[in-house]
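S.K.: Dropping a prediction and its sequence here:
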Amino acid sequence: MHAQNPVFIPGPTNIPDAIRKACDIATIDHRSPAFARIFRPAVAGVKRVLKMTSGEVFLLPATGTGGWEAAITNTLSAGGTVLAARFGMFSQRWIDLCQRHGLTVEVLETPWGQGMPLERIEAALRADRDHRIKAVLATHNETATGVKSDIAGLRRAMDAAGHPALLMVDGVSSIASMPFDFAAWGVDIAVTGSQKGFMLPPGLAILGMSDKALAAMTGATLPRTYFDLRDQQKGYAVGGYPYTPPVGLIAGLARAIEMLEDEGLEAVYARHRRLAEGVRRAVAAWGLKLCAASPELYSDTVTAIMAPDGFDGTAVVQRAAQRYHVAFGVGLGDVAGKLWRFGHLGMLSEPMVLSGLATAEMAMADLGWPITLGSGVAAAQAYFRGDEAATRQDAA
């Protein structure tokens, strides 16, 4: 019975029964027309979710980290330079990956809890008159701190600087849960994974690449074999892969996109905003603070909740798992022990979120945190009921 409890981590997320069943298919020949009939709708659906008007989508057997690696190895060359802000664990990991590949990374150190420093990025690009910087790495939603950054604003900053660098965006914990507009934001590469907003098991890295990024593959010299997207393109031309693909996951992805579009993407985004705000109301009622420094930075997929002085955020996660069999997220990197994280993305509803808040309250109370049982749940209930009442009034 415990396995039926929902998870409240920022991925992997809860898997709907319909998607589990869609993944459970008999073995088919992945070089046959039967596979192409599964594969092509999945690719076309990802393009719609990303709001791509041109370019190509690649589905790779990997996770988001593999997607990062495919992004840089297919478009950059040995000794090249990229620009990135470090403001959380996942922006740090992408920086580390680039450095391990021999790239020079110009790092803009930024306090954890803040978003991308757009003015400093623009200044760095203006100073790069020789255009040594070949790509700007952007973490749309920093999962470690519950912070979202302004990708449209970043594109404006890049355009204002007149810089030709590629714009690479980590949208692993935002795409399919928060608004994302590949074409309007001038994104060149978007990276996400199957196990977040798409509500699938881990195992698919999903990349959207602009025509500019595809053209950059011609001169790129970083080594790549398994992630060589030129081989992928050849396979795609005949509806297949250069190696054995994860057929079940791709079938599940096609079903996930059907479910997202049946709900309506704008409705999906509104649901995530509503659930996130309910969690934030609960945090305020507990008298606790968020890691995100200001409201415009608040993520709609994960809330990072700071521990009061003298308390350990990791202990809350451990207590909830051991006593109540419910999963929350621990603090990572520089904020390890300083906070715990409530993931509210994918297959979640208001009653599910309320159950997570009630469990969190019990875990914190068990550990002597200065919170009042029921206070956060009541605040979220009041918000959810008020939101629904407002919706009914608007409809009338």
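M.R.: It's in.

S.K.: For the rest of this, base every contact and every neighbour count on C-alpha atoms.
M.R.: Fine.

S.K.: Is Tyr241 in a helix, a strand, or coil?
M.R.: Three states are possible here, and by DSSP: H, G, I helix; E, B strand; the rest coil the one that applies to Tyr241 is coil.

S.K.: ok, now which ones touch Val247?
M.R.: Applying CA atoms under 8 Å, 6 or more residues apart in numbering, we find Val247 in contact with Cys23, His30, Phe35.

S.K.: Could you rerun that using 10 Å?
M.R.: If you count contacts by CA atoms under 10 Å, 6 or more residues apart in numbering, Val247 has them with 23-30, 35, 38-39, 61, 253.

S.K.: low-confidence ranges in the stretch 201-350 of the chain?
M.R.: By pLDDT under 70, the stretch 201-350 of the chain contains no weakly predicted segment.

S.K.: quick one: the strands in it?
M.R.: Taking DSSP state E, counting those that start in this stretch to define them, one finds strands in the stretch 201-350 of the chain at 204-209, 302-306, 329-330, 339-343.

S.K.: Tell me which entries of the contacts of Val247 lie within strands.
M.R.: Pro61 (DSSP state E).

S.K.: Need the residue closest to the centroid of the protein.
M.R.: Centrality entry for the chain: nearest residue to the mean C-alpha point is Ser173, 1.3 Å, by CA atoms, centre = their mean.

S.K.: Contact partners for Ala183?
M.R.: Each residue near Ala183 by CA under 10 Å, 6+ apart is listed here: Leu50, Lys51, Met52, Thr53, Ser54, Gly55, Ser210.

S.K.: hang on, the earlier thing: tell me which of the strands of the stretch 201-350 of the chain sits nearest to Met259.
M.R.: strand 204-209 (17.8 Å; CA to CA).

S.K.: Run through the neighbouring helices and strands of the closest one.
M.R.: For strand 204-209, the helices and strands in contact under the criterion 3 or more CA pairs under 10 Å, 6 or more residues apart in numbering; DSSP states H and E are helix 33-50, strand 56-61, helix 64-73, strand 166-170, strand 189-193, helix 247-263.

S.K.: could I get these as CSV with distance to Val105?
M.R.: Rendered in CSV, the data for the helices and strands packed on strand 204-209 read as follows (distance: least, CA to CA, whole Å):
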stretch, distance to Val105
helix 33-50, 27
strand 56-61, 25
helix 64-73, 12
strand 166-170, 14
strand 189-193, 18
helix 247-263, 34
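
S.K.: Quick one: closest of these to Ala292.
M.R.: Where the helices and strands packed on strand 204-209 are weighed against each other on CA to CA, the nearest is strand 166-170, at 18.2 Å.

S.K.: ok and that closest one relative to strand 204-209, angle-wise?
M.R.: Relative orientation of strand 166-170 versus strand 204-209 (axes from the mean of the first three to the mean of the last three CA atoms, to 10 degrees): 150 degrees.

S.K.: For the chain, which segments count as helices?
M.R.: For the chain, helices defined by DSSP state H occupy the ranges 17-23, 33-50, 64-73, 89-100, 118-127, 151-161, 211-216, 229-236, 247-263, 265-286, 313-324, 350-366, 375-395.

S.K.: hmm, back to that, got a ChimeraX select line for the buried ones in the contacts of Ala183?
M.R.: With 16 or more other CA atoms under 10 Å as the burial test, the buried ones among the contacts of Ala183 are selected in ChimeraX as follows:
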select :50,51,52,55,210
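
S.K.: What is the nearest of the contacts of Ala183 to Val317?
M.R.: When these are ranked by distance to Val317 (CA to CA), Leu50 comes first, at 32.9 Å.

S.K.: Could you list which residues are in contact with that closest one?
M.R.: With CA under 10 Å, 6+ apart as the criterion, the residues that contact Leu50 are Val57, Gly171, Ile175, Ala176, Pro179, Phe180, Asp181, Phe182, Ala183, Ala190, Leu207, Gly208.

S.K.: Please name the nearest non-neighbouring residue to the fifth one.
M.R.: Pointing back at Pro179 there. In space, Pro179 comes closest to Tyr269 once its chain neighbours are excluded; the distance is 6.4 Å by CA to CA, 6 or more residues apart in numbering.

S.K.: Contacts only, for the one you found.
M.R.: Ser174, Ile175, Ala176, Ser177, Met178, Pro179, Phe180, Asp300, Thr301, Leu345.

S.K.: again with Met364
M.R.: Ala307, Phe311, Gly313, Ala315, Val316, Val317, Arg319, Ala320, Pro370, Ile371, Thr372, Leu373.

S.K.: for Ala216, same thing?
M.R.: For Ala216, the residues meeting the contact criterion (CA under 10 Å, 6+ apart) are Asn74, Thr75, Leu76, Ser77, Leu166, Ser210.

S.K.: Next: Glu109.
M.R.: Contacts for Glu109 were tallied using CA under 10 Å, 6+ apart; they are Ala84, Ala85, Arg86, Phe87, Gly88, Met116, Pro117.

S.K.: now it, which residues is it bridged with?
M.R.: Arg86 (DSSP bridges).

S.K.: That one and Val335, how far apart?
M.R.: Taken as CA to CA, to the nearest Å, the spacing of Glu109 relative to Val335 amounts to 15 Å.

S.K.: Same check on Ser194?
M.R.: Relative to Val335, Ser194 is positioned 26 Å away (CA to CA).

S.K.: more neighbours, these two?
M.R.: Between Ser194 and Val335, counted using other CA atoms under 10 Å, the more crowded position is Ser194 (29 against 20).

S.K.: contacting residues for Val57?
M.R.: If a contact means CA under 10 Å, 6+ apart, then Val57 has 42-47, 50, 189-191, 206-210, 233 as its contacts.

S.K.: now with 8 Å?
M.R.: By CA under 8 Å, 6+ apart, the contact list for Val57 reads Val43, Val46, Lys47, Ile206, Leu207, Gly208, Met209.

S.K.: what's the burial count for the closest residue to Thr218 other than its chain neighbours?
M.R.: On the basis of CA to CA, 6+ apart, the spatially nearest residue to Thr218 that is not a chain neighbour turns out to be Thr75, at 7.9 Å. The criterion is other CA under 10 Å. On that basis, Thr75 has 23 neighbouring residues.
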